[in-house]
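>>> here is a sequence with its predicted model. Questions after.
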Amino acid sequence: MELKEAQKRCQKRLVSAIGELECEISTAEVEPISELIIQTMTGPWRYFHTPEHIFDVGGTEDPIEVLAALFHDLVYVQVDQGVSFNISTYITPFVKDVRGQLVIRDSAQLSKDRMFEIVMAVFGFVPGQTLSPFAGQNEFLSAVIAAKSLDRFISASAIAEIAACIEATIPFRPKLESGFSAMDMLYQRLINANNQFNLGWTEAKTCAAVKRAVRLANRDVENFAYQNAADFLDNTWNLLPETNHELLNANSYTVQGYRKSLQKMEGFMNFLKPEVVFQQFMGEPDDESYRDLVERTRRNIEVAKLYLGSKLTTIAILEALSYRMGRDIPISTMMGELPDIKVKSAALENFIPDVIEGHEPKNSLEKDVLDLLSKGRNKDSPYDLKNSPLTTFLIKSIGFESGGYLLQKAKEFFKANIEKVNIEEAEAFLKECDDHVIKTVTEAVGQLFESRMIALRGNN
């Protein structure tokens, strides 16, 4: 989506949503707000959390949801490598940097600001609190910017409802030992905020505010429950370069850099429990729909774990082989450059033979993953192939069960190379691998090098 188109779309949504709340905003007033949102959401590292994402999350039916979605990902410290200058002016009166961590200013340093106090109450945060990127920091600061951007146009009650929606997007929170969910706790905080700030909410309105927050939060993570696992993996691949910035430099990122990116995502998928992805509160969504979301998420996570683990094992082989040549070898050295319609060049996959009578999948999960590896995900990626010819060769040659064993050996190899390149560990890992696989891959890399020598000689 082009910048101008995104800004126009954002302006239209701001004007429409504010109008539905029976408030007004002029063209001159809406332009800087939309510019702030879109410029931030189109930052150099934004690959998944983009304008398209916030438009999708907000929907079109509820003005509070629309407004909350526009702001909910404005601060993303891990992706943006900090807080951009444009949005920092909104939060520096309330937050300071203390030895690299963001901390809410002490009460003595905070000026009286009702909107900021409402946001703190909704999140359950207090003056002097150290913020954590993994416990609501980004969402809290995004809600603060929403409150300070909109407080001239909409009521304090609407600000609280928007803040509640943004708070609900804090992801992957398990139930407390008491059995209370994150949405139960949000409900209690909204009751307190209603009393503290005289918002005039009834019990029904408070419940409706939480249900609305659940709807928005569930749309924020709806890709986890996609019917098609390939679509889910497409979104996963869009997330990788947001926190692994070297991947955006196609054909120059290293074997080790790519491996670390896969390793982080594979570790996350193995840590994630499907029960914590989606929220539910007082029948929103209903039990059957909620169970369906959880089960589809469970399936997609299982697919992702096996898919990522298989690719991680393959890249471990390439990394171990690359150490025979040097450190920090670009992945294009080992695999060839990514396909380009303008420039034809040899690639490793050209020299990997088909496995005619290989290991067959033992169940539907293995079949789905092998199809994804061989046929590919649904969408192209500028930093990776859709399909995985080398991993397909590996799995057909040794099977998923042996691949799982190798994955554990690969992780031991990675662990040994945390501080320095350990050639001995690399060779030890290669000895754990199937001899035919290593011979085939080694010869294929050699053939790739030879094709480059031929190209280099030209017609001489």
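That came through, no problem.
>>> please count neighbours and contacts with C-alpha atoms only from this point.
Fine.
>>> could you pull out the buried residues of whichever strand or helix holds Thr391?
Using DSSP states H and E, Thr391 sits in helix 389-416. Counting neighbours by 16 or more other Cα atoms under 10 Å, one finds that the buried residues in helix 389-416 are 389-400, 403-404, 406-407, 409-411, 413-414, 416.
>>> now for Cys207: which residues touch it?
Contacts for Cys207 (Cα atoms under 8 Å, 6 or more residues apart in numbering) come out as Tyr187.
>>> looking at it now. What's its pLDDT?
At Cys207, the model reports a pLDDT of 98.
>>> now Met453
Looking at Met453, the pLDDT reads 88.
>>> that one in helix, strand or coil?
Secondary structure, DSSP: H, G, I helix; E, B strand; the rest coil: Met453 is helix.
>>> can you report how many residues lie near it?
By other Cα atoms under 10 Å, 11 other residues sit near Met453.
>>> also Ser381?
Applying other Cα under 10 Å, I find that Ser381 has 14 neighbouring residues.
>>> just the strands in the stretch 101-250 of the chain please.
Counting by DSSP state E, counting those that start in this stretch, the segments of the stretch 101-250 of the chain that form strands are 101-104.
>>> hmm, Leu70 is touching Gly58, no?
Yes. With contact defined as Cα atoms under 8 Å, Leu70 and Gly58 form a contacting pair (7.0 Å).
>>> common neighbours of the two, please.
Common neighbours of Leu70 and Gly58 are not found (criterion: Cα under 8 Å, 6+ apart).
>>> so where is this structure shaky, pLDDT-wise?
Counting by pLDDT under 70, the low-confidence segments of the chain come to 1, 80, 245-251, 339-343, 382-383, 417-421, 459-460.
>>> and the residue minimising distance to the centre of it, what does it touch?
Nearest to the mean C-alpha position of the chain, by Cα atoms, centre = their mean, lies Leu239 at 4.0 Å. Leu239 sits next to Tyr47, Phe48 when contact means Cα under 8 Å, 6+ apart.
>>> can you map out the helices along the stretch 51-200 of the chain?
Taking DSSP state H, counting those that start in this stretch as the criterion, the stretch 51-200 of the chain carries its helices at 51-58, 63-71, 77-80, 85-91, 114-123, 137-150, 156-168, 182-197.
>>> need the contact list for Asn195.
Contacts of Asn195 by Cα under 8 Å, 6+ apart: none found.
>>> what do you get if the cut-off is 10 Å, keeping everything else the same?
Contact analysis of Asn195 by Cα atoms under 10 Å, 6 or more residues apart in numbering lists Arg189, Trp201.
>>> quick one: it from Glu167, how far?
Distance of Asn195 to Glu167, given as Cα to Cα, to the nearest Å: 19 Å.
>>> what's the closest non-adjacent residue to Ser397?
Nearest-residue entry for Ser397: Gly358, 5.5 Å, with adjacent residues in sequence omitted and distances by Cα to Cα, 6 or more residues apart in numbering.
>>> now the one you found, what are its backbone angles?
Phi and psi for Gly358, reported as degrees, to the nearest 10, are phi -100, psi -170.
>>> for the one 4 residues further on, same thing?
With angles defined as degrees, to the nearest 10, Lys362 shows backbone torsions of phi -90, psi -10.
>>> ditto for Glu284
Torsion angles, degrees, to the nearest 10, at Glu284: phi -120, psi 110.
>>> biggest helix in the protein by residues?
Taking DSSP state H as the criterion, the chain has its longest helix at helix 287-322.
>>> list the buried residues of that helix.
290, 293-294, 296-322.
>>> re the thing from before, turn the helices of the stretch 51-200 of the chain into a markdown table, including distance to Asp368.
Listed next are these as a markdown table, based on distance: least, Cα to Cα, whole Å:
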| stretch | distance to Asp368 |
| --- | --- |
| helix 51-58 | 27 |
| helix 63-71 | 34 |
| helix 77-80 | 31 |
| helix 85-91 | 43 |
| helix 114-123 | 41 |
| helix 137-150 | 35 |
| helix 156-168 | 33 |
| helix 182-197 | 34 |
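>>> closest to Ala428 out of those?
Smallest distance to Ala428 across the helices of the stretch 51-200 of the chain (Cα to Cα): 35.2 Å, for helix 77-80.
>>> report all helices and strands that that closest one contacts.
helix 137-150, helix 229-243 (3 or more Cα pairs under 10 Å, 6 or more residues apart in numbering; DSSP states H and E).
>>> looking at these, which is closest to Glu450?
That would be helix 229-243 among those, by Cα to Cα, at 31.6 Å.
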